[in-house]
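Trainee: sequence and predicted structure are below.
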Amino acid sequence: MFYLQLGFEHIADLRGYDHILFIISLCAVYTFHQWKKVLILVTAFTIGHSVTLALATLKIIRIPTDLVEFLIPLTIFITAFANIFNKTENFSNSHHLFKYFMALIFGFIHGMGFSNFLRSILGNEDSILLPLLSFNVGLEIGQIFIVFIILSLAYLVIDLFRYSRREWTLILSGAGIGVSLILMLERI
């Protein structure tokens with residue numbers, strides 16, 4: 001339960017808003033009716049996050065912390081920036097596959113960002129398999145919670161208040177671009 005809660009808090013913690021901002025950027029082009037596609041998207045991210053978190057925690061891969069801390073906001077920037085050029089409401093299957101692939105790759109990057117902290121916590125564990133699994137399940141639950149909030153807001157704004165879907169996407173993506181640029185500049 002400790003690791004499950006830690007995973008949930010890792011993604012939903014407002015002090016670690018970069019993860020929330022990434023999920024917002026991922027969801028910016030979707031509506032509540034497309035929740036299944038978004039669920040697959042965030043699960044791809046979790047898979048990537050889980051793999052590199054495990055590899056980094058086991059010290060199989062090592063990437064300098066400064067580089068990872070720069071790459072995380074870069075993934076937010078790329079995701080949000082790509083949304084601006086997305087002018088269609090109906091995506092092709094190839095477009096979805098590309099987004100899933102990018103979420104997986106970006107999950108690899110984000111997974112490295114938490115590995116040092118998790119490694120220090122796992123130092124006393126006999127086996128890291130169950131704690132890592134629990135952490136990543138908590139992470140996925142947290143992401144689904146955030147996605148539900150974002151897609152619910154999208155439903156209110158787009159479907160009930162009849163706000164333009166394109167403008168909604170631009171507002172969320174613009175926020176992602178602005179904050180990620182500030183984060184990248186701070187980390188250079």
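Mentor: It's in.
Trainee: show me where the chain has helices.
Mentor: For the chain, the helices defined by DSSP state H cover 2-12, 17-27, 35-57, 65-84, 93-113, 115-122, 129-154, 165-187.
Trainee: shaky segments in the protein?
Mentor: 88-91 (pLDDT under 70).
Trainee: which one of the helices of the chain is the most hemmed in?
Mentor: helix 17-27 (a mean of 23; mean count of other C-beta atoms under 10 Å). The C-beta positions use only the backbone N, C-alpha and C, and glycine is treated the same way.
Trainee: the inter-axis angle of that helix versus helix 2-12?
Mentor: 70 degrees (axes from the mean of the first three to the mean of the last three C-alpha atoms, to 10 degrees).
Trainee: helix 17-27 versus helix 65-84: what angle between them?
Mentor: Angle, helix 17-27 to helix 65-84, by the same axes, to 10 degrees: 30 degrees.
Trainee: other SSEs contacting helix 17-27?
Mentor: Using 3 or more C-beta pairs under 8 Å, 6 or more residues apart in numbering; DSSP states H and E, the elements in contact with helix 17-27 are helix 2-12, helix 35-57, helix 65-84, helix 93-113, helix 129-154, helix 165-187.
Trainee: quick one: closest of the ones you listed to residue 18.
Mentor: The closest of these to residue 18 is helix 65-84. By C-beta to C-beta, the value is 5.6 Å.
Trainee: show me what the closest one is packed up against.
Mentor: helix 17-27, helix 93-113, helix 165-187.
Trainee: that helix: how far from the chain's middle?
Mentor: 11 Å (C-alpha atoms, centre = their mean, to the nearest Å).
Trainee: residue 43 - nearest residue in space that isn't next to it in sequence?
Mentor: Closest residue to residue 43 apart from its sequence neighbours, by C-beta to C-beta, 6 or more residues apart in numbering: residue 140 at 6.7 Å.
Trainee: before we move on, the earlier item: kindly reformat the helices and strands packed on helix 17-27 as JSON lines containing distance to residue 20.
Mentor: Formatted as JSON lines, these follow (distance: least, C-beta to C-beta, whole Å):
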{"stretch": "helix 2-12", "distance to residue 20": "7"}
{"stretch": "helix 35-57", "distance to residue 20": "12"}
{"stretch": "helix 65-84", "distance to residue 20": "10"}
{"stretch": "helix 93-113", "distance to residue 20": "12"}
{"stretch": "helix 129-154", "distance to residue 20": "6"}
{"stretch": "helix 165-187", "distance to residue 20": "10"}
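Trainee: let me know which of those is the nearest to residue 123.
Mentor: So among those, helix 35-57 is nearest, using C-beta to C-beta, at 10.0 Å.
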